[in-house]
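Chemist: okay, sequence plus prediction incoming.
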Amino acid sequence: MMEHMQQIPQGHEYGLHRVLEPKGLLPQPARRLDATPECFHNEMLIDVACLNIDSASFSQLKEEQGHDPVKIGERILQIVEERGKMHNPITHSGGMLIGTVEKVGPSFPDRKVQPRDRVATLVSLTLTPLFLEKVEDVNLQTGQVRVQGKAVLFASGPFARLPDDLPETLALSALDVCGAPAQTARLVRERDRVVILGAGGKSGLLCLHQARKRAGASGQVLALEAGETACEELRRLQLADEVIRVDATDPVAVMNAVEKATQGAMADLTINCVNVRHTELASILATRDGGTVYFFSMAVQFTAAALGAEGVGKDVRMMIGNGYAPGHADLTLDSLRENKALRQLFERRYTTNAVHP
């Protein structure tokens, strides 16, 4: 086995050696990757158990396939076969995965990881070489897809070992969005007025916990959500000063709601976690001049955000949601450990049909 490994060349740190088309691009924007389940010297090969399709992509797939789990599974197989990765051609987003380490290349940077370790990748499926043999089950509620297949992690790709104290599907659901609460923790200051659009989803809930923790009792945290059931769950969490039911695609309604709740001051920081399009202007109008808008949602069109801010004369700082921040996995899992009610809500939503070793 070692002789075979040594015959395989060293791969590029950023995975350029896996790009088939067009040559010269990085794996994420490339149209097609080589997903051959071989482990280069500086790669990790993973036996995949479950994909967590990102919210924007899964919503699009459900609508496209008429909420039929079999058809959604077939479409996922088709995309992966065509592209060598799970890269939704409509939303241009992917998700992440969990599985068991099968092989570790001799020059893979993390020398502590071992075969049979259970891991979650912390890079997008849009740049992860993926070979699927079968889709076993599609969970329409969680966006989690049980599969049989293999994936490759490049030398530059962050990952996390799955914790022993949390169910795997719970950890998977949280780690899929771990960049959002980590960036929220960086951005929120004591006494800030924080507005979270799409507060009832995974990323919104975790951001809400961090916003409340960082803004403190002197700050103001507003949770905006379109669904009544999600609003009721948010009220029970008692993390927001006010839960407001409003459609984030209606910018005037959002602006009026935030203006009323803040007595005209508007948000110092607005965090967009909505998984549908056309919410850019609502985020901008909710924010005071000189404030910050953090767009975590993959449904956001950044040209619409830039032109929208210009069109309404808003001087706001706009940030693209970066899914990576040092320590983001630990911070996210610790959020669930710190907040019993939040963890229980995640467990109710995401631990059905758990993936076991």
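Modeler: Cool, the structure landed. Numbering: from 1, shown residues only.
Chemist: tell me the mean pLDDT for the host helix or strand of Leu45?
Modeler: Using DSSP states H and E, Leu45 maps to strand 44-53. In this model, strand 44-53 has a mean pLDDT of 97.
Chemist: surely Asn319 and Thr292 touch.
Modeler: Asn isn't right for residue 319; it's Met. Yes. With contact defined as CB atoms under 8 Å, Met319 reaches Thr292; the gap is 6.5 Å. For glycine as for every other residue, the C-beta is placed from the backbone atoms N, C-alpha and C.
Chemist: look at these two and report which has more neighbours.
Modeler: Thr292 (19 against 15; other CB atoms under 10 Å).
Chemist: beta partners of that one?
Modeler: As for beta bridges, Thr292 partners with Leu269, Arg317 under DSSP bridges.
Chemist: for Cys50, see how far away it is.
Modeler: 34 Å (CB to CB, to the nearest Å).
Chemist: quick one on the thing from earlier: shared neighbours of Met319 and Thr292, which are they?
Modeler: Leu187 (CB atoms under 8 Å, 6 or more residues apart in numbering).
Chemist: in the stretch 201-350 of the chain, which spans are strands?
Modeler: 220-225, 242-245, 267-272, 287-295, 317-320 (DSSP state E, counting those that start in this stretch).
Chemist: my bad, should have said the stretch 1-150 of the chain
Modeler: Under DSSP E, counting those that start in this stretch, the stretch 1-150 of the chain gives strands at 19-21, 32-33, 44-53, 95-104, 118-121, 130-138, 144-153.
Chemist: kindly reformat these as JSON lines containing distance to Gly264 and mean neighbour count.
Modeler: Converted to JSON lines, those look like this (distance: least, CB to CB, whole Å; neighbours: other CB atoms under 10 Å):
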{"stretch": "strand 19-21", "distance to Gly264": "51", "mean neighbour count": "16"}
{"stretch": "strand 32-33", "distance to Gly264": "51", "mean neighbour count": "20"}
{"stretch": "strand 44-53", "distance to Gly264": "40", "mean neighbour count": "25"}
{"stretch": "strand 95-104", "distance to Gly264": "40", "mean neighbour count": "22"}
{"stretch": "strand 118-121", "distance to Gly264": "43", "mean neighbour count": "22"}
{"stretch": "strand 130-138", "distance to Gly264": "46", "mean neighbour count": "18"}
{"stretch": "strand 144-153", "distance to Gly264": "42", "mean neighbour count": "24"}
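Chemist: so which of these is nearest Lys213?
Modeler: strand 118-121 (23.6 Å; CB to CB).
Chemist: parallel or antiparallel, list what pairs with that closest one.
Modeler: strand 95-104 (antiparallel), strand 159-161 (antiparallel).
Chemist: for Gly73, find the nearest of the ones you listed.
Modeler: strand 95-104 (14.2 Å).
Chemist: tilt between that closest one and strand 144-153?
Modeler: 50 degrees (axes from the mean of the first three to the mean of the last three CA atoms, to 10 degrees).
Chemist: send the alpha carbons of strand 95-104 over as CSV?
Modeler: The C-alpha trace of strand 95-104 is given here as CSV (Å, rounded to 0.1, in the frame of the first residue of the first chain):
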residue,chain,number,x,y,z
GLY,A,95,-22.8,22.3,1.8
MET,A,96,-20.5,20.0,3.7
LEU,A,97,-20.2,16.3,4.8
ILE,A,98,-19.4,13.9,7.5
GLY,A,99,-17.7,10.5,7.2
THR,A,100,-14.9,8.2,8.3
VAL,A,101,-11.3,8.8,7.4
GLU,A,102,-10.2,6.0,5.1
LYS,A,103,-6.7,7.1,4.2
VAL,A,104,-4.3,9.9,5.1
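Chemist: any low-confidence regions in the protein?
Modeler: The chain contains residues with pLDDT under 70 at 1-8, 352-357.
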